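[1] Coordinates for the following, if possible.
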Amino acid sequence: MPYSTIAVALACKPDEKPVIDEAVRLSRALGARLVAIHVNDPLEGKISMMMDYAGPKETVEDIRRQFREAGYPEVAETLDVHILTGKDFAEAIAEATKDADLLVLGHRKMGRLRAMISDSTDEDIANLVECPVLIVTKNPTEAD
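    Here you go, the predicted structure:
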């Protein structure tokens, strides 16, 4: 199966350079179009009734900045970026990757207790998407 479109799902966290590196490496090696996806929580950028702040709402420019900071300024300028909004990140990414041939995801290692209690977000996504998934470890030597 040829990979003509590679999607990379990003959370806009500082530990995602290995994920970006692998997505760019694969897209270059295979001559594939690269698409970046980020899902904003509907509450991001707002103060909730509990008076807490859900964090900033990420933008296309934030994704492009991540690629520039990872060392890919030329990719940042031509990158196809999709910013979605949804409470269920896995469902939103599954919908956004319907036309993708491969999805690249980051994985943050979990401690044993946390791993026994729940699936990680990347597992939830991998269970829903229709294309193959490549999971890249973000923190190879640590677990939370």
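[2] longest helix of this protein?
    helix 17-30 (DSSP state H).
[3] tell me which helix or strand of the chain sits lowest on mean pLDDT?
    helix 112-117 (a mean of 55; mean pLDDT, DSSP states H and E).
[4] Beyond it, next helix or strand please.
    Remark: after helix 112-117, the chain's next helix or strand is helix 121-128, criterion DSSP states H and E.
[5] Just the buried positions in that following helix, please.
    For helix 121-128, a neighbour-count test (16 or more other C-beta atoms under 10 Å) marks 121-122, 124-126 as buried. For the C-beta atoms, the positions are set from N, CA and C on the backbone; glycine is no exception.
[6] check which helix or strand covers E95.
    helix 89-96.
[7] burial count for E22?
    Neighbour count of E22, defined by other C-beta atoms under 10 Å: 18.
[8] Could you report the pLDDT at the residue nearest to D15 when sequence neighbours are not counted?
    Closest residue to D15 apart from its sequence neighbours, by C-beta to C-beta, 6 or more residues apart in numbering: K138 at 4.5 Å. Note for K138: predicted pLDDT of 82.
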